[in-house]
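> Would you be able to build a 3D model of this:
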Amino acid sequence: MAELSVAVPRRAPRDFAGLWIGPPLLILAGLFLYPLALILRETLTGGTAVLSLGHFAEVLGSALFRTALYHTIIIALGSTAGCLALGFVFSLIIAFVPFPGARLLARLIDTFIALPTFLIALALTFIYGSAGLLNEGLMRLLHLDLPPIDFLYSQWGVILSEITVYTPFVMRPLLASFSLIEPAQIEVASSLGARPFRIIRQIILPAALPALLAGGSLCLLLTVNEFGIVLFIGAKDVITLPLLIYDKAIQEFDYTTACVIAVANIGLSLGLFSLYRLAVSRFEDRRHAGLV
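Got it, this is the predicted structure:
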């Protein structure tokens, strides 16, 4: 009589893969979440044991905070718009206009991104500063006693510095997207009589929109939180949120006010990032629907 064999199901080995996420979460909590929790606690208690929202109302309702918020938004929007316009034009020239050294120039963009921001601000002071090359030349040429150009130490000087620093952050993804465009598309459109502006509008710009969104959002976040350029330029009456946090915490030792402004700055950054994600999702929906 044949023996009956019963298959005993094997026990599945325990899955320990989920445990590997523990150490990174602990590191993240210790290095990032815990300091944020301390900042939030300081805003709610003001160094005491009593929770209160009065610190938020007092700081966020002050004229100094509103002025800093205004300068932060204006500088960030102006710098981002300049980076997008300048980066798009420069990327078009490098990618589609043949000239000697175009490939080398494209590679130098990565090196330019690695430079510290204050170094660019320092270079601009040598050119546009009160004792810079341009002012000294004009003073000698026109026999002037005072430097005729003083925009560098103003809001416009900060915007110019940030455009100079962050334009490569737009050009890098743009050049990558332009490299995916088939040259045959442009050649066919040109042979059919399409002018350069029409080629840019109908062929190049749709392919560049994701890169523009990515580069523009990165520039917006970086300029909102930019500290070194504003501090180094020393623009008169130009106080941004990061600079105000520094003044309150380091100069005045008012840590509660500094923490409230820091929370507001974080909220502004997260809000801008959420708008970027919303814009990207809507663009993807339109592209999948064939509207782009």
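> per-residue confidence at Glu162?
pLDDT recorded at Glu162 is 92.
> Could you list which residues are in contact with it?
For Glu162, the contact set (CB atoms under 8 Å, 6 or more residues apart in numbering) comprises Ile75, Ser79, Gly82, Cys83, Thr223, Glu226, Ile229. To be clear about C-beta, it is placed using only N, CA and C from the backbone, and glycine gets the same treatment.
> Is the fifth one in contact with Leu84, as I believe?
No: between Thr223 and Leu84 no contact is recorded; they are 11.8 Å apart, counting by CB atoms under 8 Å.
> These two - which one has more neighbours?
Thr223 (27 against 20; other CB atoms under 10 Å).
> Show me what the host helix or strand of the more buried one is packed against.
Assessed by DSSP states H and E, Thr223 sits inside helix 205-224. Here helix 205-224 touches helix 63-96, helix 155-178, helix 255-288, going by 3 or more CB pairs under 8 Å, 6 or more residues apart in numbering; DSSP states H and E.
> List the buried residues of it.
208-224 (16 or more other CB atoms under 10 Å).
> Average pLDDT for it, rounded please.
Helix 205-224 comes out at a mean pLDDT of 90.
> Mind checking what helix or strand follows it in sequence?
Per DSSP H and E, the helix or strand that comes after helix 205-224 is helix 228-233.
> continuing past that following helix, what's the next helix or strand?
Past helix 228-233, the next helix or strand by DSSP H and E is helix 241-246.
> pLDDT of that following helix, averaged?
The predicted model gives helix 241-246 an average pLDDT of 93.
> Next: stretch 110-130.
81.
> Now find how far off-centre it is within its chain.
Put simply, stretch 110-130 sits 17 Å off its chain's centre (CA atoms, centre = their mean, to the nearest Å).
> what's the answer for stretch 205-216, then?
So, by CA atoms, centre = their mean, the centroid of stretch 205-216 is 14 Å from its chain's centroid.
> same check, this time on stretch 239-247
With CA atoms, centre = their mean, you get 17 Å for stretch 239-247.
> Check which residues of that stretch are buried.
In stretch 239-247, counting by 16+ other CB under 10 Å, buried: Ile239, Thr240, Leu241, Pro242, Leu243, Leu244, Ile245, Tyr246, Asp247.
> same thing with stretch 247-262?
Neighbour-count burial for stretch 247-262 [16+ other CB under 10 Å]: Asp247, Lys248, Ala249, Tyr255, Thr256, Thr257, Ala258, Cys259, Val260, Ile261, Ala262.
> thinking again about what came up before, closest one to Phe197 out of the buried residues of stretch 239-247, please.
Thr240 (37.0 Å; CB to CB).
> show me the contacts for the closest one.
Taking CB under 8 Å, 6+ apart, one finds Ala68, His71, Thr72, Ile75, Glu226, Phe227, Val230 in contact with Thr240.
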